[in-house]
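Novice: One predicted model, sequence on top.
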Amino acid sequence: MFKGVFITQKDKKSVASVVELNDDQLPEGDVLVEVHYSTLNYKDGLAITGKSPVVRSFPMVPGIDLVGKVLQSDSERFSEGDFVILNGFGVGEMHWGGLAEKARLKSDWLIPLPKGIDAKQSMAIGTAGYTAMLSVLALEKQGVTPGSGEILVTGANGGVGSFAIRLLNRLGYQVVASTGRMAESDYLKNLGASDIIDRNTLSEPGKPLQKERWAGVIDCVGSHTLANACASTKYGGVVTACGLAQGMDFPASVAPFILRGVKLIGIDSVMRPLTDRIEAWQRLSELLQAEDVDSMSDEIGLEDVVDTAYKLLDGKIRGRVVVKVK
Ligand code: NDP
């Protein structure tokens with residue numbers, strides 16, 4: 001028997017609690033993992049509280065991120081005792097996830113824990129840090145360099161935004177952070193932002209072409225913010241879009257794309273091929289230092305997960321939440 005967060009449905013409402021499970025209940029897969037740490041992302045909060053239809057089949061063990069030790073493997077890629085990470089691939093939505101002491105998974109979804117990052121740190125980074133790294137890599141691959149000019153990061157106090165600022169700063173970029181929490185300016189400056197702007201300056205409908213300012217943008221919020229960011233990106237600049245914290249809509253014109261050659265790059269972390277994941281985690285291990293990760297995260301236990309999920313959705317949590325599972 002082992003413990004896990006378990007979501008069932010009662011009268012079409014999700015109910016989550018910590019229960020005892022056994023190995024026979026685990027879904028199919030070729031690798032059995034003893035989960036050491038998981039984390040709470042916004043998506044996990046939605047799954048646990050049932051506030052959005054993230055979970056596609058019930059019952060479900062949530063947890064889109066996990067790190068742990070291989071207990072049993074039918075895959076040539078992994079052996080007993082190896083440490084592995086999983087981010088996304090529908091785990092915690094369609095396949096039982098990381099918020100339980102054991103997980104049975106497909107080896108195609110797993111990558112080895114990179115050298116230089118320990119198990120707990122990998123979950124402090126989690127999908128948020130990995131998505132930030134994918135966004136930074138997209139800027140680099142499109143030719144944006146530290147000499148190109150200022151990079152705007154929106155949703156700056158969030159998990160993706162905070163990691164994006166830190167990573168860009170480590171690479172020598174000049175970062176401007178957009179936030180609704182100006183009171184957190186010192187935190188953002190400590191991460192490496194050289195200028196902070198109020199998100200209200202970007203969140204309302206704006207002109208299709210605005211004064212050129214950004215060499216690159218990492219946008220976590222979508223909607224008018226993304227449209228205004230594109231409209232104020234310099235000729236040939238690059239905008240990455242990973243999030244929808246302001247909204248799923250994109251009320252923009254084609255003007256920045258056809259008149260300034262601005263490039264808009266979509267960032268998906270969930271179904272990303274393994275080679276991109278390995279590259280992103282390798283770069284994370286090179287760029288981040290232990291204090292970066294430790295200062296951005298708090299640790300909780302499995303028993304605290306359900307309460308914390310509600311606080312997360314109420315915007316009462318700053319930084320990342322690491323869940324010590326085993
Ligand atoms: P968080 O909840 O940690 O942060 C989101 C941030 O967005 C908040 O901290 C806030 O920043 C800002 N924000 C919140 N509400 C609004 C609003 N109404 N208008 C403008 N800004 C707002 O989320 P994450 O950082 O983990 O994720 C960011 C986004 O990226 C989310 O939408 C998430 O779903 C998405 N995501 C997508 C992935 C992908 O694969 N494409 C992977 C991971 C996340 P501040 O207080 O500084 O204003």
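Specialist: Perfect, I can see it now.

Novice: C-alpha from now on. contacts and neighbour counts both.
Specialist: OK.

Novice: Let me know the secondary structure of Leu312.
Specialist: Three-state call for Leu312 (DSSP: H, G, I helix; E, B strand; the rest coil): helix.

Novice: what about the closest residue to it other than its chain neighbours, which SS state?
Specialist: Among residues not flanking Leu312 along the chain, Gly45 sits closest, at 6.6 Å (Cα to Cα, 6 or more residues apart in numbering). Classification of Gly45 by three-state DSSP places it in helix.

Novice: Is Gly45 in contact with Val305, as I believe?
Specialist: No - assessed by Cα atoms under 8 Å, Gly45 is found out of contact with Val305, at 9.1 Å.

Novice: now for the host helix or strand of Arg277, which elements pack on it?
Specialist: Assigned by DSSP states H and E, Arg277 belongs to helix 274-287. The helices and strands touching helix 274-287, judged by 3 or more Cα pairs under 8 Å, 6 or more residues apart in numbering; DSSP states H and E, are strand 111-112, helix 119-141.

Novice: Find the nearest non-adjacent residue to the residue nearest the centre of the chain, please.
Specialist: Nearest to the mean C-alpha position of the chain, by Cα atoms, centre = their mean, lies Ala128 at 2.1 Å. Using Cα to Cα, 6+ apart and skipping residues adjacent in sequence, the residue nearest Ala128 is Val160, 4.5 Å away.

Novice: Please, where are all the helices along the protein?
Specialist: 42-49, 119-141, 159-170, 185-191, 223-231, 255-259, 274-287, 290-294, 305-313 (DSSP state H).

Novice: and the fifth one, what's its mean pLDDT?
Specialist: Along helix 223-231, the predicted local confidence has a mean pLDDT of 98.

Novice: same check, this time on the third one
Specialist: Predicted confidence along helix 159-170 averages 96 (mean pLDDT).

Novice: distance between it and the chain's centre?
Specialist: Relative to its chain's centre, helix 159-170 lies at 12 Å (Cα atoms, centre = their mean, to the nearest Å).

Novice: Same question for the second one.
Specialist: Once both centres are worked out by Cα atoms, centre = their mean, helix 119-141 turns out to sit 7 Å from its chain's centre.
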